[in-house]
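Colleague: below: sequence and its predicted model.
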Amino acid sequence: TLWIPKIFGGKGYCFPSLSYFIEEVASACLGMANLIGSHYLGIAGVMATGNFAVLQWLCEDITQSHKRGELCLASFAITEPSSGSDTATADLVDRGHICCEAKKVPGGYMLNGTKIFISNGHFAKWHMVLAFEDPKNPASTAVFCVVGTGAQGFKIGKKEDKMGQRACPASELIFQDCFVPDSQICLSPDMAKGIKKPYREIYQDVFDDLCSISRAGVCALGAGVGRGVYEETLKLVEETRTLDGWLINQEWVQMKLADMLRNVLTSRLIYTEVNHANSIYG
C-alpha cells in the first residue's frame, strides 16, 4: 500500500519512486518484483480510466485488508488467446482477433471470454479486466471493469508452468456469463457519451497514460535482475582462483564485468529519464 494515495489510506509515495524499489527487489528475486509491479499495474489501470469512484473503493479495500493482515492484490487482465500487446494501440487492436465480450444488461455488463498469461491471477482479489461490446470493433466499444475473485461466472483456470519468476504466477481467467455491476465499471462507451471526443481516442488516451506510468517499472525489472547477476558474478570472480591467478585480475573477466555494469547503469538511466519526463509532461 506504499504507493496508494494517502486520501485512500495508503502512504502516498509518488509512483516514479516505485521503479527504484522494483530494481532493489528484482536484484534479489525477479518473481517477487514482478508480483509487486503487477499489483500496481492493476491499480494504475483503474487510475488511467479517471474513474475515482472505483479507484477509491478499490484502494480502500486494499489498504483496509492490509491493516487486517490480509492479502489483497490486484491484476490487470488484457491478453487473450489471440490478442496480446497489440491491445495497447487502437489501430492494432481493431485488426486483432478479440474474444472477450462485454454485453450490456440491466444494472451492468455480462462478460464472456478468456484472458491468459495474467500475472498475479491466482493471487489477486481484484482483476482489472478489458472486454469489448463489439469484438469486431474493439477500440470503439471497450469496457474497462473490475472483477472480484469469487464472482459468479468467473473462475481461474490453469497456471502456466513458467521457467522462472515462479513467485508471480501467470494465470488463465475464464468468464462465463459473469455479471459485473455498474459500480465496478471504470469506463465504457455509455459513460463517455457526454465527452466530445471519439471513444477510440479515449481508449488510446487510457493506454498512453497507462504505458507512461508502467513502462519505467518494466525497465527497472531488467535493471534489477541485471544488477543482481552482476553482483553475484563479481562475488564469484573475486573468490575464484585459477592457474593464472585470481579471476578478478584477468583482463577478459574485467571487460565482461564492465559490459555487465554498463548495461545495468544504462537501464537505470533509461527508467530515470522516463520518470523525469513523466513528471514534466505527464
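Modeller: Right, received. Where do you want to start?
Colleague: pretty sure Phe76 sits in a strand.
Modeller: Yes. Phe76 forms part of a strand when assessed by DSSP: H, G, I helix; E, B strand; the rest coil.
Colleague: was I right to think Gly45 contacts Leu210?
Modeller: Yes. Using CB atoms under 8 Å, Gly45 is in contact with Leu210, at 6.0 Å. Where C-beta positions appear, they are placed from N, C-alpha and C, glycine not excepted.
Colleague: show me where the protein has helices.
Modeller: Counting by DSSP state H, residue ranges of the helices within the chain are 17-26, 30-49, 52-67, 90-93, 199-239, 251-281.
Colleague: poorly predicted segments of the chain, please.
Modeller: Within the chain, the segments meeting pLDDT under 70 span 280-282.
Colleague: can you tell me the centre-most residue of this structure?
Modeller: Taking CA atoms, centre = their mean, the centroid of the chain lies closest to Leu41, which sits 3.2 Å from it.
Colleague: let me see the contact set for that residue.
Modeller: Ala74, Ser75, Phe76, Ser119, Leu210, Ser214, Gly217 (CB atoms under 8 Å, 6 or more residues apart in numbering).
Colleague: nearest to Gly113, of the helices of the chain?
Modeller: helix 90-93 (14.3 Å; CB to CB).
Colleague: and the closest one, what's buried?
Modeller: Residues of helix 90-93 classed as buried: Ala90, Val93 (neighbour count, 16 or more other CB atoms under 10 Å).
Colleague: quick one: list the elements packing against that helix.
Modeller: helix 199-239 (3 or more CB pairs under 8 Å, 6 or more residues apart in numbering; DSSP states H and E).
Colleague: how far is the helix it packs on from where the chain is centred?
Modeller: Relative to the mean C-alpha coordinate of its chain, helix 199-239 is positioned 11 Å out (CA atoms, centre = their mean, to the nearest Å).
Colleague: for that helix, name the packing helices and strands.
Modeller: Judged by 3+ CB pairs under 8 Å, 6+ apart, helix 199-239 is in contact with helix 17-26, helix 30-49, helix 90-93, strand 142-148, helix 251-281.
Colleague: need these in JSON lines with distance to Lys196, can you?
Modeller: Below are the helices and strands packed on helix 199-239 laid out as JSON lines (distance: least, CB to CB, whole Å):
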{"stretch": "helix 17-26", "distance to Lys196": "34"}
{"stretch": "helix 30-49", "distance to Lys196": "18"}
{"stretch": "helix 90-93", "distance to Lys196": "18"}
{"stretch": "strand 142-148", "distance to Lys196": "18"}
{"stretch": "helix 251-281", "distance to Lys196": "23"}
